[in-house]
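1. build me a model from this:
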Amino acid sequence: MREKEMIMFLPDGRYEYLRINVYTEDGKTKLDYKNAYKRILTVKEQQRYLLHNELPKPITIA
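-> The predicted structure is shown next:
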């Protein structure tokens with residue numbers, strides 16, 4: 001099992017930081033969202049990630 005870090009864009013405009021365990025089961029890669037470490041990024045953290053282009057781009061639904 002290994003760990004993966006992700007940043008997800010939430011519908012309300014905030015960003016969520018996730019640290020997820022990744023494992024292989026029956027030849028497929030699976031993510032353990034149930035036991036993931038989750039937290040909302042602060043504005044300062046969002047600015048730092050934006051500065052380095054590490055945040056996902058927001059998707060606009062028309």
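2. go ahead and confirm Leu31 touches Ile20.
-> Yes. The pair Leu31 / Ile20 is scored as a contact, 5.0 Å apart, by C-beta atoms under 8 Å. In short, each C-beta sits where N, CA and C put it, glycine included.
3. what about these two, which has more around it?
-> Ile20 (19 against 13; other C-beta atoms under 10 Å).
4. show me what Tyr17 is bridged to.
-> In this entry, Tyr17 is beta-bridged to Ile7, Arg39, by DSSP bridges.
5. meant to ask about Glu3
-> Per DSSP bridges, the residues bridged to Glu3 are Asn21.
6. from Asp32, how far off is it?
-> As for Glu3, its distance to Asp32 is 10 Å (criterion: C-beta to C-beta, to the nearest Å).
7. got any residues that touch both of those two?
-> Residues touching both Glu3 and Asp32 by C-beta atoms under 8 Å, 6 or more residues apart in numbering: 20-22.
8. turn these into CSV, including distance to Leu50 and pLDDT.
-> As requested, the shared contacts of Glu3 and Asp32 are exported to CSV (distance: C-beta to C-beta, whole Å; pLDDT from 0 to 100):
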residue, distance to Leu50, pLDDT
Ile20, 22, 90
Asn21, 27, 91
Val22, 26, 90
